[in-house]
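Participant: 3D model of this:
(2 chains)
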There are 2 protein chains.
Amino acid sequence: MNQFTEIIEMIKSSEKIAVLVHENPDGDAAGSLIAMTEGLHLLGKEVKGYLENIPSNCGFLFPDERISLLEEYNGEAFDLCIVLDCGDIQRTGLGSKVYENSKKSVCMDHHMTNTGFANLNYIDAKASATGEIVFEFFEEFGLVINERMATAMYSAIISDTGRFKNSNTTQKTFEIASKLMAFPMDITKIAYHMFLETSLERTLFLGNLLSHLKLYLDGKVGVLVASEEEIKKYGISHSELDGMVEYARNIKGVEVGIFVKEMNGGFKVSLRSNGKVDVAEVAQKFNGGGHKFAAGCKFADVSADEVVRLLVSEFED
Amino acid sequence: MNQFTEIIEMIKSSEKIAVLVHENPDGDAAGSLIAMTEGLHLLGKEVKGYLENIPSNCGFLFPDERISLLEEYNGEAFDLCIVLDCGDIQRTGLGSKVYENSKKSVCMDHHMTNTGFANLNYIDAKASATGEIVFEFFEEFGLVINERMATAMYSAIISDTGRFKNSNTTQKTFEIASKLMAFPMDITKIAYHMFLETSLERTLFLGNLLSHLKLYLDGKVGVLVASEEEIKKYGISHSELDGMVEYARNIKGVEVGIFVKEMNGGFKVSLRSNGKVDVAEVAQKFNGGGHKFAAGCKFADVSADEVVRLLVSEFED
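Facilitator: This next block holds a predicted model:
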């Protein structure tokens, strides 16, 4: 792995720099991208950032005059391409064209599986977010950090740590948050946009969904079922259904939360464990996968009731 | 205001020490109480902590062999009484009896309105939580801090900062969180118990409530109404209704969230602003009060529909 010093030398010797993140970007990707492009601009570089789309909870961070959508890329060439938060070059999606039109490349990432695809690679799998690494990079060389960069890096960090809740949160995460607080950020507003703001449609849908919540196995398994008809009726997108499973898991006494979503005639299932039960094991029985605490699987040619029955009986064992 | 050094001297010269917090305790009160009693015990003191009841979201921190409910207080005398998180002695409720049976007193608090009622008072209105002050006290003298104390102080801090979201969160708050992370705390579990865990009854009630959410004034005002009949039907307590107003306020475009709760034949109203509108101004018109962003008022001898009509027409102006 390379050091920050090699990377800063490569940046200093470059004039035109592109910055990329992964497709289907999240808050860490968007925040890291904004901080890096802004920071390189303040360093006097001609810099352009690209992303596939603006994540729905990051609208408050945009527009950004130096960042465009990838579909607007006009084929121009760069001296250097900096790839953030991507474990391999395929993760950049359409961004690979920008990458190919760049003479040199740098990758900064926190995925343990990173392939080291760039000319210079700085990978810190202990960093909670790529936003942490971007902060450390600018801090290391005493480069200018402004309020906009601070807000973006803070957003990146709370996005990947679930606002200091996930197990990737470390002492250093809080240390960096403390340093970012030296800037006049509005952390209430950031938390609101990143985690709390929702749509009327999603709220009404949630109301209907929760009204039909069912518990099984002495209250140890909580089940929420959303039919395709309801999803259409409320007019909500599939991405707005992310996280609904947690309403089932967060009920006192529940050890496994299940969210069954009808999709294209079949069912997509999300499983969340509160720590005791290995949900990946059950997901694998239905040809799904995931981690011990968060897994998923799919069903076809069965009814919703049958999906629930099959899953509950697996957890019974 | 007194210094930590005067307080540590008073502690060192005392043998039997009582620790109190405010009535209707929250996470900061409970967490600070646990940390202080545990810390004084590790310092070799004979210490007893008292609280009115265990906050519903703090059950995971109890039982604690050195902490009892106030109703169990047997009238015993103490050399010193340490009062935490109370702006005046009335806030200790039944604890005032313990206070009266103590030779000397110390208060550590973060309320700007603190009256300085104790023999020694350490008040830091800039501290996000009393838990922050308790940490600084033990750190200042290099006293032993163990995992249990760290978990309790971290819980205290996330309780009063809304998990690093409220405007009382400072650089120092994050610095302390970073230092607490040196202990093997389970921050995922703490956040779950303090903020996410809920009851089946509350979840079903919430489902019904959200299904009937209404928007007014071009979507700028969101209204949720809970009838006494529904509250009884779902069997949920009034404390479980805390925070429901935020579901109305968190909808995109909503500037004011309103929660109308039928209670004893009348209505209790919670108002929350997203920052633009001063809701205290409207609450005052109906003889209520509060802050710019969070206020409340009561209505009697009117229907729920009339309450909503009156409030919405005020916000129209």
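
Participant: excluding its backbone neighbours, what's nearest the closest residue to chain B within the stretch 1-150 of chain A?
Facilitator: Closest approach between the stretch 1-150 of chain A and chain B, counting by Cβ to the nearest Cβ: residue A:59, at 9.5 Å. Just so you know, the C-beta spots here come from the backbone N, C-alpha and C atoms, and that holds for glycine as well. Distances taken as Cβ to Cβ, 6 or more residues apart in numbering or on different chains put residue A:193 closest to residue A:59, at 7.3 Å, once the chain neighbours are dropped.

Participant: go on, residue A:56?
Facilitator: residue A:239 (6.7 Å).

Participant: isn't that neighbour up against residue A:53?
Facilitator: No. With contact defined as Cβ atoms under 8 Å, residue A:239 does not reach residue A:53; the gap is 10.8 Å.

Participant: helices and strands around whatever helix or strand residue A:47 lives in, which ones?
Facilitator: Assigned by DSSP states H and E, residue A:47 falls within strand A:46-51. Strand A:46-51 sits against strand A:16-20, helix A:27-42, strand A:67-69, with contacts defined as 3 or more Cβ pairs under 8 Å, 6 or more residues apart in numbering or on different chains; DSSP states H and E.

Participant: just checking, what packs against the one helix or strand in chain A whose mean pLDDT sits lowest?
Facilitator: Of all helical and strand segments in chain A, the minimum by mean pLDDT, DSSP states H and E falls on strand A:289-290, at a mean of 92. Judged by 3+ Cβ pairs under 8 Å, 6+ apart, the packing partners of strand A:289-290 are helix A:279-285, strand A:294-299.

Participant: save the ones you listed as TSV, and put in distance to residue B:270 too.
Facilitator: Compiled in TSV, the helices and strands packed on strand A:289-290 are given as follows (distance: least, Cβ to Cβ, whole Å):
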stretch	distance to residue B:270
helix A:279-285	37
strand A:294-299	34
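
Participant: assumed residue A:272 was part of a strand.
Facilitator: Yes. Per DSSP: H, G, I helix; E, B strand; the rest coil, residue A:272 lies within a strand segment.

Participant: if we can go back for a sec, I'd like the helices and strands packed on strand A:289-290 as a markdown table, with distance to chain B appended.
Facilitator: As requested, those are exported to a markdown table (distance: least, Cβ to the nearest Cβ, whole Å):
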| stretch | distance to chain B |
| --- | --- |
| helix A:279-285 | 16 |
| strand A:294-299 | 12 |
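
Participant: who's in contact with the residue of chain A positioned farthest from its centre?
Facilitator: Largest separation from the mean C-alpha position in chain A: residue A:218, at 34.3 Å (Cα atoms, centre = their mean). Listed by Cβ atoms under 8 Å, 6 or more residues apart in numbering or on different chains, residue A:218 has no contact partners.

Participant: from residue A:121, how far off is it?
Facilitator: Residue A:218 sits 50 Å away from residue A:121, going by Cβ to Cβ, to the nearest Å.

Participant: indicate which one of the helices and strands packed on strand A:46-51 is closest to residue A:4.
Facilitator: Judged by Cβ to Cβ, the one of the helices and strands packed on strand A:46-51 that comes nearest to residue A:4 is helix A:27-42, at 12.9 Å.

Participant: CA atoms of that closest one as CSV?
Facilitator: Taking Å, rounded to 0.1, in the frame of the first residue of the first chain, the C-alpha atoms of helix A:27-42 are listed here in CSV:
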residue,chain,number,x,y,z
GLY,A,27,-23.5,9.5,1.7
ASP,A,28,-19.9,8.4,2.1
ALA,A,29,-19.3,8.5,-1.6
ALA,A,30,-21.0,11.8,-2.2
GLY,A,31,-19.5,13.5,0.9
SER,A,32,-15.9,12.2,0.1
LEU,A,33,-16.3,13.3,-3.5
ILE,A,34,-17.4,16.9,-2.5
ALA,A,35,-14.6,17.2,0.1
MET,A,36,-11.9,15.9,-2.3
THR,A,37,-12.9,18.1,-5.3
GLU,A,38,-13.3,21.2,-3.1
GLY,A,39,-9.9,20.5,-1.4
LEU,A,40,-8.1,20.0,-4.7
HIS,A,41,-9.7,23.2,-6.0
LEU,A,42,-8.4,25.2,-3.0
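
Participant: what comes up buried for stretch A:71-87?
Facilitator: For stretch A:71-87, the neighbour count (16 or more other Cβ atoms under 10 Å in any protein chain shown) marks A:73, A:78-87 as buried.

Participant: among those residues, which lie within strands?
Facilitator: A:78-84 (DSSP state E).

Participant: what residues does the stretch 51-200 of chain A put near chain B?
Facilitator: A:163-167, A:169-175, A:177-179, A:181-182, A:187-189, A:191-192, A:196-200 (Cβ under 8 Å from any Cβ of the partner chain).

Participant: need the nearest residue in space to residue A:164, chain neighbours excluded.
Facilitator: Leaving out its chain neighbours, the residue that sits closest to residue A:164 by Cβ to Cβ, 6+ apart is residue B:164, at 5.6 Å.

Participant: does that neighbour touch residue B:170 like I think?
Facilitator: No. The pair residue B:164 / residue B:170 is not scored as a contact, 10.3 Å apart, by Cβ under 8 Å.

Participant: those two: who's more crowded?
Facilitator: For residue B:164 versus residue B:170, neighbours defined as other Cβ atoms under 10 Å in any protein chain shown are more numerous around residue B:164 (22 against 16).

Participant: got a list of what the more buried one touches?
Facilitator: Neighbouring residues of residue B:164 by Cβ under 8 Å, 6+ apart: A:163-164, A:177, A:187, A:191, B:158, B:173-174, B:177.

Participant: which strand or helix spans it?
Facilitator: For residue B:164, there is no host helix or strand (DSSP H and E).
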